[in-house]
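Participant: just the structure for this:
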Amino acid sequence: MDFGIFVEERRKGTSEADAFREARELADAAEAWGLDGVWLGEIHFNPMRSVQSSPIALASFIAARTRRVR
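Facilitator: Below is the predicted model of the structure:
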């Protein structure tokens, strides 16, 4: 069984930069906690909920920073 974290929502009142920083910090924490994966959500055309219109680009960034997380 694999365990991971799902990153999608943008917290109310945060900036886009904060949302990306928090996603990066969650991925780093998942790596440190020994989790198996980080799932990235994708919501287009609703910046109040998500800024991850290109989760593949964010996944590439996370992959370059981690060793264990898939």
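
Participant: just the strands from this structure, written as ranges.
Facilitator: Assigned strands in the chain, in chain order: 4-7, 37-40 (criterion: DSSP state E).

Participant: single out the most deeply packed of these.
Facilitator: Comparing these by mean neighbour count (mean count of other CB atoms under 10 Å), strand 37-40 comes out on top with a mean of 17. Just so you know, the C-beta spots here come from the backbone N, C-alpha and C atoms, and that holds for glycine as well.

Participant: that one: partners in the sheet, and parallel or antiparallel?
Facilitator: Strand 37-40 has the following strand partners under DSSP bridges: strand 4-7 (parallel).

Participant: so how far is residue 1 from residue 43?
Facilitator: 28 Å (CB to CB, to the nearest Å).

Participant: who has more neighbours, those two?
Facilitator: Neighbour totals were compared for residue 43 and residue 1, and residue 43 leads with 16 against 3 (other CB atoms under 10 Å).

Participant: can you pull the pLDDT of the more buried one?
Facilitator: Residue 43 carries a pLDDT score of 74 in this model.

Participant: how about residue 27?
Facilitator: Predicted confidence (pLDDT) for residue 27: 92.

Participant: cool, and the one 10 residues further on?
Facilitator: Looking at residue 37, its pLDDT is 92.

Participant: same check on the one 10 residues further on?
Facilitator: Looking at residue 47, its pLDDT stands at 66.

Participant: again with residue 4
Facilitator: Listed pLDDT for residue 4 reads 93.
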